[in-house]
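Q: build me a structure from this.
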Amino acid sequence: MAGHTLQTHLAGQDRVSRYRTTALHALAALAAGDRRPKTLHRLRTHLRRLQAYLELVGEEDSAAIIARSVSRFSRLRTLHVFDQYLDRFDAPGRDRRLVTQRIRAVEGKLKKKRTYRKVECMVERHALPPTPAPSDWMGRHLIALRHRHADRLRKLIAQASADPRRKTLHRLRLMIKSIRYQEEWALDAPYARPDLVAWLKQAQTVLGEYEELAQFRKLAAKLRLKSQALIAQDWRRARDRARAMPAHLHERIGTLTGRHLRLLRTR
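A: Modelled structure (predicted):
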């Protein structure tokens, strides 16, 4: 077990370095004019993973800096996903052109403000934390975190059940996303919870679709898109699924962890 723990520890260090390098490469490509949505998505995903690691090792200030760096690209990412959404149901050409114009405008602002270069500096300074010791630190720390996450999640689920408005469900989604990314760091370890990661991802997807469609609906109205009616239909369906999610989460946590709502499986 000790050898496996050390191996997991060293693998984690290697992943931090690789994720940081991937993020820096994506930033350099975007700064050089790469407009591909997959490049921006890769950047944000790897920054989120680094943020989760920083939270795990207790580097809260650095984690907050990385989180703010991710948020700088949220608007552009939303527009990319909106454009892909419109493409899937063959929206009118005028709608697509208006969204493309908005994408170019946001890209221009990011370039003018040198946002990619500024975030690159933040990643270089803050995304490579000191290595904790001993080598079993993650297992002990993550197990402790699961108890704290459980308490916070229980309260947020109760709030979302009583008040399933977008703002409350959005907070629940962000909490779920944070737990999921932290748990993914342990997937190769003896204390891994792949079942937990899987259903957190499912819940995040349902809540994320609602948040995306709420943004799409708002953008469609602002741009006066012809697709507004179809978007509103999808939004209502996503809203119903999202509002049912707190009850599902409560039931599922109870099934997985027992009466005390713990995110920890005893081994």
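
Q: helices of the stretch 1-150 of the chain, residue ranges please.
A: In the stretch 1-150 of the chain, the helices defined using DSSP state H, counting those that start in this stretch lie at 2-31, 37-56, 60-71, 74-88, 93-112, 115-126, 137-162.

Q: list the buried ones in the fifth one?
A: By 16 or more other C-beta atoms under 10 Å, the buried positions in helix 93-112 come out as Asp95, Arg96, Leu98, Val99, Arg102, Ile103, Val106, Glu107, Leu110. Where you see a C-beta, it was placed from the backbone N, CA and C, and this is true even at glycine.

Q: now that helix, how far from the centre of its chain.
A: Offset of helix 93-112 from its chain centre (C-alpha atoms, centre = their mean, to the nearest Å): 24 Å.

Q: shaky segments in the chain?
A: Where the chain drops to pLDDT under 70, the residues are 1-12, 129-136, 253-267.

Q: got the contact list for Ala198?
A: Ala198 makes contact with no residue, according to C-beta atoms under 8 Å, 6 or more residues apart in numbering.

Q: host element of it?
A: Assigned by DSSP states H and E, Ala198 belongs to helix 194-223.

Q: what's the burial count for Arg243?
A: 19 (other C-beta atoms under 10 Å).

Q: grab the nearest non-local neighbour of it.
A: Pro164 (4.1 Å; C-beta to C-beta, 6 or more residues apart in numbering).

Q: wait, which of the buried residues of helix 93-112 is closest to Lys155?
A: Distance to Lys155, by C-beta to C-beta, is smallest for Val106 among those, at 35.5 Å.

Q: please name the residues that touch the residue positioned nearest the centre of the chain.
A: A centroid search over the chain (C-alpha atoms, centre = their mean) returns Lys177, at 5.0 Å, as the residue closest to the centre. By C-beta under 8 Å, 6+ apart, the residues touching Lys177 are Arg48, Gln204.

Q: mind starting the numbering at 750 from now?
A: I'll keep to 750 as the first residue from here, and by that count the last item is Lys926.

Q: what's the spacing between it and Ala772?
A: 17 Å (C-beta to C-beta, to the nearest Å).

Q: and the residue nearest to Arg992, how many neighbours?
A: With other C-beta under 10 Å as criterion, Pro913 counts 18.

Q: quick one: contacts for it?
A: Contacts of Pro913 by C-beta under 8 Å, 6+ apart are Ala991, Arg992, Pro995.

Q: just send these back as JSON lines, with distance to Leu921 and secondary structure too.
A: Shown next, in JSON lines, are these (distance: C-beta to C-beta, whole Å; DSSP: H, G, I helix; E, B strand; the rest coil):
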{"residue": "Ala991", "distance to Leu921": "9", "secondary structure": "helix"}
{"residue": "Arg992", "distance to Leu921": "11", "secondary structure": "helix"}
{"residue": "Pro995", "distance to Leu921": "7", "secondary structure": "helix"}
